[in-house]
Each structure stands twice: as C-alpha cells, then as structure tokens.
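Visitor: This is the structure alone, sequence omitted:
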Ligand code: NI
C-alpha cells in the first residue's frame with residue numbers, strides 16, 4: 001500500500017473535511033501518513049493528529065522560514081516532543097533562500113540545532129532546501145547527519161546534487177512536481193536515482209500533481225506520482241508502491 005511520507009493535514013485547507021478525508025485514505029490504498037510540523041504551532045497540531053488517528057505518525061520541527069519564532073524555551077519543548085512514541089522524524093528543517101527570511105544566519109543556527117537534535121534522539125531528518133543547494137549540503141555534511149539519514153523533501157536540484165545525497169544514504173522525496181510537463185530536471189533525477197532511495201510525498205495541501213494541478217492536494221493524488229515514477233523508470237506501478245512503502249518504513253523505523 002501507499003506510504004504518504006510528507007503531509008500537512010493540520011493546514012486550515014482541511015478544516016472542513018479533515019476527519020472524513022483522513023478516514024477515507026485506507027480504502028483508497030494509503031496505509032500510513034506522516035504529518036510534518038513546520039512551526040511550534042503546527043507541530044502541536046501534528047501531535048494531536050497522531051493521537052487521533054492510528055495510521056498518522058508525526059515529524060516535529062520548525063521550517064527555516066519560521067525559525068525567528070524559536071528560543072531556548074521552545075526548543076526545549078521541541079526536544080521533549082521528539083521523544084514521543086509516534087514521532088518518527090525531525091522536520092521539516094533546512095534552509096530557504098527563495099523567501100530568504102529570516103536572515104540566513106538565523107536559519108543556519110536553528111538548522112544546526114535541529115540537526116543536532118536529530119542526532120541526539122536518533123531520528124531521521126526531513127530536509128527542506130530551496131534555492132540553497134550548496135549551503136544545505138555543506139551543513140548536512142559538517143553536522144554528520146549521515147548517521148541518522150533522512151529525506152531531501154520535494155527534491156528540486158539536479159542529478160549531481162542528487163548523487164551527493166544518494167551516496168550519503170539519503171532518500172529523495174518525490175511529489176506532484178514530477179508530473180508537471182516542465183519538470184525536466186526532476187524527471188531526469190527520478191530516472192537516475194535507484195528506486196530503493198525514493199519515497200512518495202504530497203506536501204499537501206500544496207503541489208497537487210497533474211491532472212489536479214492547482215487544486216487542493218491530498219494523499220489521494222499519490223497514485224499519479226507513482227504512475228509517473230513507474231513510467232519514467234519503466235517498472236510496474238505496483239512495484240513503485242511496494243518498494244517506496246518499504247523505503248519509508250525503513251527510514252522512519254516503522255515495522
Ligand atoms: Ni512540507
């Protein structure tokens with residue numbers, strides 16, 4: 001069955017039908033969901049979802065664009081949250097030079113602190129990296145994050161950078177963008193990377209794949225992502241589903 005490795009069901013876009021939508025996933029072939037925190041508030045909401053739904057696991061962390069809110073007290077809370085049973089990753093954390101706020105020094109400081117946390121609690125990291133390829137890779141390498149591993153979520157760089165992460169044992173998160181006609185670079189990366197290091201993600205409510213591009217995204221759309229990966233790699237759809245599920249279980253430590 002499908003493993004949804006990156007969703008934001010805490011988002012207000014799901015306020016009207018969150019419960020019925022999540023309860024419909026299993027019948028649609030989706031077995032697990034990891035809901036990903038992006039701030040202290042959304043991490044709290046993520047923890048609530050993991051309590052409410054048996055198949056929902058959580059990642060705790062603060063997105064680079066939200067790091068200005070962090071202080072020692074909040075970081076301490078995050079550390080405690082990381083120890084909860086259904087928390088399977090630290091994320092999403094990283095660098096975002098597209099929005100480029102707060103200033104890079106603040107983003108870097110909290111990226112480092114959260115990588116240290118991942119190493120301390122021995123959980124994989126979910127990395128968000130936008131327009132910050134070189135700095136992200138340098139910092140991950142310097143932090144020794146290879147030890148816990150993780151995923152480069154919504155991978156958006158080229159083959160060379162993909163190779164760097166694949167060599168370190170990281171997974172690449174593949175979502176709706178791979179179905180876009182103009183996503184030539186990402187299609188090349190998917191052709192190139194071993195299927196054993198790819199995982200399926202939506203980043204919902206954002207980034208819905210074709211044929212639903214522009215609409216609210218949900219895990220129900222992962223079939224289109226898996227179909228595109230199957231076509232690009234010339235392997236059966238079922239194989240994409242089962243191998244990426246196994247990859248996600250291995251990465252998140254879910255048996
Ligand atoms: Ni996300």
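Guide: Noted; the coordinates are in hand. Quick caveat: nothing in here was measured; it's all calculated off a predicted structure.
Visitor: So which other helices or strands are in contact with the longest strand belonging to the chain?
Guide: When the chain is parsed with DSSP state E, its longest strand is strand 87-96. Judged by 3 or more CB pairs under 8 Å, 6 or more residues apart in numbering; DSSP states H and E, the packing partners of strand 87-96 are strand 30-36, strand 56-60, helix 104-121, strand 125-130, helix 133-143, strand 150-152, helix 237-252. Every C-beta, even on glycine, is put in place using the N, C-alpha and C of the backbone.
Visitor: Measure how far it is from the centre of its chain, please.
Guide: Chain-centre distance of strand 87-96: 8 Å, with CA atoms, centre = their mean, to the nearest Å.
Visitor: Give the pairing partners of it; include direction for each.
Guide: strand 56-60 (parallel), strand 125-130 (parallel) (DSSP bridges).
Visitor: Please name whichever of the helices and strands packed on strand 87-96 is nearest to residue 179.
Guide: Evaluated over the helices and strands packed on strand 87-96, closeness to residue 179 peaks at helix 237-252, with 13.4 Å, by CB to CB.
Visitor: mind listing what's buried in the closest one?
Guide: Neighbour-count burial for helix 237-252 flags 240-241, 243-245, 247-249, 251-252 (criterion: 16 or more other CB atoms under 10 Å).
Visitor: Ok, stretch 18-25 next?
Guide: For stretch 18-25, the neighbour count (16+ other CB under 10 Å) marks 18, 21-22, 25 as buried.
Visitor: returning to what we had before: out of the buried residues of helix 237-252, flag the one nearest to residue 111.
Guide: residue 251 (19.6 Å).
Visitor: that older thread, please identify which of the buried residues of stretch 18-25 is nearest to residue 53.
Guide: Within the buried residues of stretch 18-25, proximity to residue 53 (CB to CB) peaks at residue 22, which comes in at 5.6 Å.
Visitor: Return the distance of the helix or strand where that closest one lies from the chain's centre.
Guide: Under the criterion of DSSP states H and E, residue 22 resides in helix 18-24. Remark: helix 18-24 is offset 20 Å from the chain centroid, using CA atoms, centre = their mean.
Visitor: For residue 45, which non-adjacent residue is spatially closest?
Guide: Leaving aside its sequence neighbours, residue 45 sits nearest to residue 10 (CB to CB, 6 or more residues apart in numbering; 3.6 Å).
Visitor: Now for that neighbour, how many residues are close by?
Guide: Residues contacting residue 10 under the criterion other CB atoms under 10 Å number 24.
Visitor: need the contact list for it.
Guide: Residues counted as contacts of residue 10 (CB atoms under 8 Å, 6 or more residues apart in numbering) are 35, 42, 45-46, 48-49.
Visitor: Thanks again, I'm all set now.
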